[in-house]
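# Curious how this folds, go ahead:
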Amino acid sequence: MLAYTQTRRIEWGDCDPAGIVFNPRYFAFFDHGAAMLFETAGWPKPMLLQTFQIVGIPLVETQARFLAPCAFGDDVIITTAVSEIRRSSLDISHRLLKGDQLCVEGRETRVWAGRDPAGRMKSAPIPAEVVSRLTSD
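From the prediction side, this is the model:
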């Protein structure tokens, strides 16, 4: 499966008053990783929306395990990859490491969303071209 890896320095604005990362910030890191994963597959978000005439790929479920804290100034590596693709949804995994130490594991489910005839958001099949690119190495 395709993966996107980023190196990120933890900034002061990511941290709580104790100087460690405020847990909701990890979800922002993961959301960025998911967007960059699609860009790595060849579709920056504006192009993805236009090419496939979708509303987006909204998040419908997420979870994280916080195993070790990260603090201001730490350099971390975040790897984002598709772990499963279904007809109209996909699971994306995230692993955040500080050196060799796994600090956070995250998982999310996103839905390929178009519009129904009444204009409401509705799940749609993920195109084969998208599946092919996301499942390539």
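# What is the burial count for Asp75?
For Asp75, the neighbour count with other Cβ atoms under 10 Å is 11. Placement of C-beta: from N, CA and C, glycine included.
# thinking it is in contact with Thr7, fair?
Yes: counting by Cβ atoms under 8 Å, Asp75 does reach Thr7; the two are 6.3 Å apart.
# Quickly list what Glu105 is bridged to.
When bridges are called by DSSP bridges, Glu105 pairs up with Arg65, Arg95.
# And it, what's its pLDDT?
In this model, Glu105 is scored at 98, pLDDT.
# Same question for Phe72.
On the pLDDT scale, Phe72 gets 96.
# do the same with Ser136
We note a pLDDT of 84 for Ser136 in this prediction.
# Measure how buried it is and give me the count.
A count of nearby residues for Ser136, using other Cβ under 10 Å, gives 9.
# Please enumerate the strands of the chain.
Ranges of strands within the chain are 3-9, 59-66, 75-85, 89-98, 101-111, 113-115, 121-123, based on DSSP state E.
# From the contact counts, what lies against the last one?
Judged by 3 or more Cβ pairs under 8 Å, 6 or more residues apart in numbering; DSSP states H and E, the packing partners of strand 121-123 are strand 113-115.
# And the strand it packs on, what's buried?
By 16 or more other Cβ atoms under 10 Å, the buried positions in strand 113-115 come out as Ala113, Gly114.
# Now do that strand, average pLDDT.
93.
# what's that strand in contact with?
Contact with strand 113-115 is made by Gln53, Ile54, Val55, Gly56, Ile57, Pro58, Met121, Lys122, Ser123, Ala124, as judged by Cβ atoms under 8 Å, 6 or more residues apart in numbering.
# Dump the strands of the chain into CSV; add distance to Tyr26 as well.
Below are the strands of the chain laid out as CSV (distance: least, Cβ to Cβ, whole Å):
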stretch, distance to Tyr26
strand 3-9, 11
strand 59-66, 6
strand 75-85, 9
strand 89-98, 7
strand 101-111, 5
strand 113-115, 24
strand 121-123, 26
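# Please name whichever of those is nearest to Leu49.
In terms of Cβ to Cβ, the element of the strands of the chain nearest to Leu49 is strand 113-115, at 10.3 Å.
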